[in-house]
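**Q** Need coordinates for the below:
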Amino acid sequence: MIINTNTGAATAARILSSNTRLLQDSLKRLSTGSKIASVEDDAAGLAVANKLEASLRRTQGMERNSSNLISFAQTQDGYLEQVGVALNRMSELATLAMDQTLHETDRAHYDTEFDELDAFVQGIVTKEFNGISLFNGTSLSLMTGLAADGTVSKIEIEGYTLGSGTSYEVAGNTGIDTAANAITSLDKVQLAVLKLAQDRASIGSNIQRMEQERSALETLRNNLGAARSQIIDVDVAQESANFAKQQILVQSGTAMLAQANVLPQSALRLIG
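**A** Numbering: from 1, shown residues only. Down below sits the predicted model:
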């Protein structure tokens, strides 16, 4: 029996200190929702999680870019839809202007409306989306991925040119002020309608392709998030059980440390 060194109390204190640290770690995991509350918990796992987080953020950015580009293409098609309405009316006006029973003043009314519609069609070239020209012929690219070697995957979205000098030019100096001019203008309108159909079909294909890319990016984002979650997110049920265990161990360790501190007092009986 010794007094100077209480081995039992030292051992109980060491175990209590260890269990207290484990209890605090469990408390941090439950409060943060992360299995890796500190870098020393899982240094390698944290590195992988950070890499996955970067890929996840990058994928979210690409997904947002694809949504913006889809909106851009849908705006293009919206304007071209109105061009189609105008061309259909122009085709009707040109046909009506061929009527040999029309007086020149009547045909002039048709010609005025025809010219206004043609001005609308030609004015489409100035339309913009967020400051970017919709119809200046410039192609746009969409980033769809980044390989480990830094290679960027992307798709090109074709640009479209409208306005004077293109297949959308209808009236020009012709108009429908005479029956002969109406025939010429009708031919131009028909060519414009064909060009419009081709462009809208191409834009529709672009939108479909970008929708598929966006869907693929959404799937990739979900899977990256799931992979990161497996590494960094805490299992609350499992950690709650661990927290209760450590809580009991700390309580029992505290009680045993108190008992170990009492044991040397037995030596007083020998002295007294």
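
**Q** The stretch 151-272 of the chain: helices as residue ranges?
**A** With helices called from DSSP state H, counting those that start in this stretch, the stretch 151-272 of the chain shows them at 179-232, 236-262, 267-271.

**Q** Find the one among those helices with the highest mean neighbour count.
**A** The highest mean neighbour count among these, using mean count of other C-beta atoms under 10 Å, belongs to helix 179-232: a mean of 17. (Glycine included, C-beta is placed from N, CA and C.)

**Q** Wait, residue 70 touches residue 212, no?
**A** No. Counting by C-beta atoms under 8 Å, residue 70 stays clear of residue 212, with 10.8 Å between them.

**Q** quick revisit: make JSON lines out of the helices of the stretch 151-272 of the chain and add mean pLDDT and distance to residue 38.
**A** Output for the helices of the stretch 151-272 of the chain, formatted as JSON lines (pLDDT from 0 to 100; distance: least, C-beta to C-beta, whole Å):
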{"stretch": "helix 179-232", "mean pLDDT": "88", "distance to residue 38": "12"}
{"stretch": "helix 236-262", "mean pLDDT": "85", "distance to residue 38": "15"}
{"stretch": "helix 267-271", "mean pLDDT": "72", "distance to residue 38": "43"}
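
**Q** now those in JSON lines, with distance to residue 5?
**A** Shown next, in JSON lines, are the helices of the stretch 151-272 of the chain (distance: least, C-beta to C-beta, whole Å):
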{"stretch": "helix 179-232", "distance to residue 5": "45"}
{"stretch": "helix 236-262", "distance to residue 5": "12"}
{"stretch": "helix 267-271", "distance to residue 5": "12"}
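
**Q** Number of residues surrounding residue 117?
**A** Residues lying near residue 117 (other C-beta atoms under 10 Å) number 21.

**Q** hang on, it in a helix?
**A** Yes. Counting by DSSP: H, G, I helix; E, B strand; the rest coil, residue 117 is found in a helix.

**Q** do you know how far it is from residue 89?
**A** Distance of residue 117 to residue 89, given as C-beta to C-beta, to the nearest Å: 6 Å.

**Q** and stretch 204-216, how far out from the chain's middle?
**A** Relative to the centre of its chain, stretch 204-216 is centred 13 Å away, using C-alpha atoms, centre = their mean, to the nearest Å.

**Q** meant to ask about stretch 9-25, not that
**A** Remark: stretch 9-25 is offset 48 Å from the chain centroid, using C-alpha atoms, centre = their mean.

**Q** sorry, back to before: among the helices of the stretch 151-272 of the chain, which is nearest residue 46?
**A** helix 179-232 (7.6 Å; C-beta to C-beta).

**Q** Residue 33 is nearest to which of the helices of the stretch 151-272 of the chain?
**A** In terms of C-beta to C-beta, the element of the helices of the stretch 151-272 of the chain nearest to residue 33 is helix 236-262, at 7.8 Å.

**Q** From the structure, what's the count of residues near residue 264?
**A** Close neighbours of residue 264, defined as other C-beta under 10 Å, add up to 16.

**Q** Grab the nearest non-local neighbour of it.
**A** residue 3 (5.2 Å; C-beta to C-beta, 6 or more residues apart in numbering).

**Q** how close does that neighbour get to residue 259?
**A** Taken as C-beta to C-beta, the span from residue 3 to residue 259 is 17 Å.

**Q** cool, residue 121 as well?
**A** From residue 121 to residue 259 the distance is 95 Å (C-beta to C-beta).

**Q** what's the answer for residue 214, then?
**A** Per C-beta to C-beta, residue 214 is found 66 Å from residue 259.

**Q** for residue 145, same thing?
**A** Separation of residue 145 from residue 259 (C-beta to C-beta): 64 Å.

**Q** Same question for residue 109.
**A** From residue 109 to residue 259 the distance is 110 Å (C-beta to C-beta).

**Q** What are the buried residues along stretch 38-52?
**A** Within stretch 38-52, the residues that count as buried by 16 or more other C-beta atoms under 10 Å are 42, 46, 49, 52.

**Q** helix or strand for the third one, which one?
**A** In other words, residue 49. Secondary structure assigned from DSSP states H and E places residue 49 in helix 43-97.
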